[in-house]
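> Sharing a model that was predicted from the sequence below.
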Amino acid sequence: MVKNHRGVAQRLDGVSLSLIRQVFENAPPDAINLGLGEPAFTTAPEIVDTALTVLETKPLGYTFNGGILELRELIAQRAPGNHTADSVCVTVGANGGLLGSMLVSVDAGDEVLVPNPGFPTYEAITSLAGAQPVCYPMSADDGFCFSVDALEKLITKKTRAVVINSPSNPTGHIIPSSELKKLATFADAHDLMVISDEVYHEFYYGEPCPSFLDVSDRGLVVNSLSKTEAMTGWRIGWTVGPPEFISAITAVNQHSVTCAPTLSQRAALRALGAGAEERAAGTRADFARRRGLMLKLIDDQLRLPRIAPEGAFFVLMEATPSGDSLELALDILDKTNVITVPGAAFGKQSSRFLRLSFGAAEASILEGLRRLGGYF
């Protein structure tokens, strides 16, 4: 501790680096990475070319805090429902949208219902906002399906928001329209804001993934180009929602990051323009093949229980009855040089599981599963 200083703010007590970080920090450079939370392909050449042209021909000063008007109009046009640019704030990746959404939705001492298993950022941003995360469980026994019934048991007078993620990281579960409608009714009845993380929206392997915007205007829906266009490092995302909340998120932008990167906003205009649907369909078909390959290899070589994902690009594989998936992931790394992600990183409900990514290259999937087959 710094001398004569009282220490780090208490709101950081519930915020720490994820267990995923521990595995990656121990991994040598030549490890086979089945822990990827990003797709193993590159940004489309036409998007990169647009960025290069912008670099050469346009100034890269600040934009409006909420993003370039033309980009906000395009996002509003593509979103389900009737929206205008005033319903959109462009953010520094989806994480910027998630944090902004939380900050404008809750006050200190409020409670927020977050998924377990779920992306660890949800609990962290709740704590950063001064609120208390309350985990709603999803059980492996029914494929980690979301149910409004689980929320009913946890609601209190302090509950102010619910976080959902569909398709889910790490489970791949897609919340069906029927359950989203029940959630919308539940949120109306209890005066709750729904924060819906839809960054894997284009990754589905059956029926298209519904959006919370399809059933309600009482939500803040977060998305980005990180996954669909392999633009993780471009840090470009957005939030769609009621204009009064979007205005508040824009103020958060102004006083924290000023605006999303200007170059990335210009590239996003190209990414969301002509060819976007065709690229998404091609990526989806490619990932469907990788999904099938990974599931077959798990069944044939490892013979361990697994969840077949409806969306996203992860498979949860039940691998440790003791629930110490971090110890298992580190041991696998040590003995096979394969990176996997401990299910414990996403909460108690998935602590017996490992998360494997089929966002990795096909060669990595083949060799990684071969080595895992030898381990198990």
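All right, it came through fine.
> Skipping adjacent residues, who's closest to Leu19 in space?
Spatial nearest neighbour of Leu19, excluding adjacent residues (Cβ to Cβ, 6 or more residues apart in numbering): Ala345 at 3.9 Å. C-beta: built from backbone N, CA, C; applies to glycine.
> Mind listing the residues bridging to Asn223?
Partner residues in beta bridges with Asn223, using DSSP bridges, are Trp238.
> Find me the pLDDT at it, would you?
Asn223 is assigned a predicted lDDT (pLDDT) of 99.
> what do you get for Asp142?
At Asp142, the model reports a pLDDT of 93.
> likewise His5?
At His5, the pLDDT value in this model is 73.
> go on, Ser18?
Confidence at Ser18, expressed as pLDDT, is 89.
> For it, what are phi and psi?
Main-chain dihedrals, Ser18, degrees, to the nearest 10: phi -70, psi 160.
> can you tell me which residues contact it?
Neighbour list for Ser18: Pro120, Ala345 [criterion: Cβ atoms under 8 Å, 6 or more residues apart in numbering].
> Wait, a strand at Tyr136?
Yes. Under DSSP: H, G, I helix; E, B strand; the rest coil, Tyr136 sits within a strand.
> Tell me, how many residues neighbour it?
Residues contacting Tyr136 under the criterion other Cβ atoms under 10 Å number 23.
> where do the strands sit along the protein?
Counting by DSSP state E, the chain has strands at residues 32-33, 88-91, 111-116, 132-137, 159-165, 193-197, 219-224, 237-240, 306-307, 314-318, 338-339, 341-342, 353-357.
> hey, where'd the helices end up in the stretch 51-200 of the chain?
69-78, 93-105, 121-128, 148-152, 177-190 (DSSP state H, counting those that start in this stretch).
> Please state the mean pLDDT value computed over the third one.
Yep, that's helix 121-128 we're talking about. Mean predicted confidence for helix 121-128 is 97.
> What is it packed up against?
Counting by 3 or more Cβ pairs under 8 Å, 6 or more residues apart in numbering; DSSP states H and E, the packing neighbours recorded for helix 121-128 are helix 93-105, strand 111-116, strand 132-137, strand 159-165.
> what does the longest one rub up against?
Pointing back at helix 93-105 there. Residues external to helix 93-105 that are found in contact with it (Cβ under 8 Å, 6+ apart): 89, 91, 112, 121-122, 125-126, 128-129, 131, 160-161, 193, 195, 197, 199, 220, 222-224, 226, 232, 235-239, 241, 245, 248-249, 252-253, 257, 260.
> Could you do stretch 57-74 as well?
54, 84-85, 88-90, 238, 246, 249-251, 253-254, 258-260, 262-263, 265-266, 268-269, 272-273.
> can you do 6 Å?
Outside of stretch 57-74, the residues within contact range by Cβ atoms under 6 Å, 6 or more residues apart in numbering are 85, 88-90, 250, 253-254, 258-259, 262-263, 265, 268-269, 272.
> in that stretch, what counts as buried?
Neighbour-count burial for stretch 57-74 flags Thr63, Phe64, Asn65, Gly66, Gly67, Ile68, Leu71, Arg72, Leu74 (criterion: 16 or more other Cβ atoms under 10 Å).
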